[in-house]
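Colleague: Pasted the sequence and its predicted model underneath.
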Amino acid sequence: MTRYRLPRSLQIKLLAIGAGIGAQGALGWFMVKSGLDQQIVTDKAVPRVSQYRLAAHLSAALALYIGMVYTAVGLRRDVKMTGAVNAGGSDVVAKLNTVLSSPAVKRYRALVYLVAGMVFFTAASGAFVAGLDAGLVYNEFPTMGGRLVPPTDELLDTRYAKRSDKKDNWWRNMLENPVTAQFDHRLFVSLPRSFFGTKANVQATTTFAVLISLPFLARSRALRSVLPKSSRKLTDLTAAAAVAQVTLGITTLLYLVPVPLAATHQAGSVVLLTCLMGLMGSLRRPGKLVQALQRHAGKSTRIV
């Protein structure tokens, strides 16, 4: 077995992951505590945790998972690359850096990072759907009450505002109104700029549409000859996971949110993020660990 000193950047990542595990446990208790109100216990009501704390707990868990997977993907890739170098492909790193420096690949990599962020926030919005039992309203698809968009007075119900000037109405509806929470999670749309005092509207783009576009873009004329083969395969896997996830979400809604389906849908978001982490890892530049492994690989016939 080869021994070497871990690069400082990797040491920091591992320390952050360890700290994240501890923080996640504390945040989990903070979430559960919100559902242990004495009044609920006395009235024998169904315990409900705060949707804010639930979203924070889920977001932290997903962020921790992303950090762990992305670190593992990077390490595995660097080890494989070092093996290729030791096998005689001394120019493999230079070739990969040349490919990743291509303007088309840079734009595609930026899009992948963007859609990963969209998936993350879509999953986080699902915590508000769960915390508000928003899946029990409008159990139909693609319409909501026979309309693609519910009535404005339902989406922006003024009863949720707590300020006298109602300026908190739009964000409180997003985070506290079950109808708006479900609508946002369905579409993950950008809010119209009219909410912020301007007349122009932001074009709404769904996470699913961007995910489905990834395999087609990967096979475009600008990318198909330069994009690594592993990246093209991972785009297909990501798109398939996205289709499965959306199908699960629609089925969960239509069947009034049975627990097994809801749990599978939540797990599907983790699978989708895992595919995206693999895709992002295939497009990252070789890390400093490559040099560290390369220096010591000759001392062992096997690197673990």
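Modeller: Sure thing, it's come through. The shown structure was predicted, so the numbers you read here are calculated from the model rather than taken from an experiment.

Colleague: Flag the shaky bits of the stretch 151-300 of the chain, pLDDT-wise.
Modeller: 188-205, 287-300 (pLDDT under 70).

Colleague: switch to 90 and redo it
Modeller: 184, 186-209, 221-222, 224-230, 284-300 (pLDDT under 90).

Colleague: Sketch out the helices for it, chain order is fine.
Modeller: 152-155, 169-176, 178-187, 207-218, 229-254, 259-282, 289-296 (DSSP state H, counting those that start in this stretch).

Colleague: Buried deepest among those helices, which one?
Modeller: helix 178-187 (a mean of 22; mean count of other CB atoms under 10 Å). All C-beta atoms are positioned from the backbone trio N, CA, C, and that covers glycine.

Colleague: now for that one, which elements pack on it?
Modeller: When contacts are defined as 3 or more CB pairs under 8 Å, 6 or more residues apart in numbering; DSSP states H and E, helix 178-187 packs onto helix 103-131, helix 152-155, helix 169-176.

Colleague: Mind giving me the packing neighbours of the first one?
Modeller: This points to helix 103-131. Here helix 103-131 touches helix 51-86, helix 92-100, helix 178-187, helix 207-218, helix 259-282, going by 3+ CB pairs under 8 Å, 6+ apart.

Colleague: same thing but 6 Å
Modeller: Here helix 103-131 touches helix 51-86, helix 178-187, helix 207-218, helix 259-282, going by 3 or more CB pairs under 6 Å, 6 or more residues apart in numbering; DSSP states H and E.

Colleague: between those helices, which one is nearest to N169?
Modeller: helix 178-187 (10.5 Å; CB to CB).

Colleague: Extract the C-alpha trace of the closest one and format it as PDB.
Modeller: Extracted as PDB, the C-alpha positions of helix 178-187 are listed here (Å, rounded to 0.1, in the frame of the first residue of the first chain):
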ATOM      1  CA  PRO A 178     -49.400  24.800   0.500                       C
ATOM      2  CA  VAL A 179     -50.800  25.800  -2.900                       C
ATOM      3  CA  THR A 180     -47.800  28.000  -3.800                       C
ATOM      4  CA  ALA A 181     -45.300  25.500  -2.300                       C
ATOM      5  CA  GLN A 182     -46.700  22.800  -4.500                       C
ATOM      6  CA  PHE A 183     -46.800  25.000  -7.600                       C
ATOM      7  CA  ASP A 184     -43.200  26.100  -7.100                       C
ATOM      8  CA  HIS A 185     -42.000  22.500  -6.600                       C
ATOM      9  CA  ARG A 186     -43.800  21.400  -9.700                       C
ATOM     10  CA  LEU A 187     -42.300  24.000 -12.000                       C
END
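
Colleague: quick check: angle from it to helix 51-86?
Modeller: 10 degrees (axes from the mean of the first three to the mean of the last three CA atoms, to 10 degrees).

Colleague: Helix 178-187 vs helix 103-131, what angle?
Modeller: Using the same axes, to 10 degrees: helix 178-187 against helix 103-131 is 150 degrees.

Colleague: And helix 178-187, how far out from the chain middle?
Modeller: 17 Å (CA atoms, centre = their mean, to the nearest Å).

Colleague: Great, nothing more from me.
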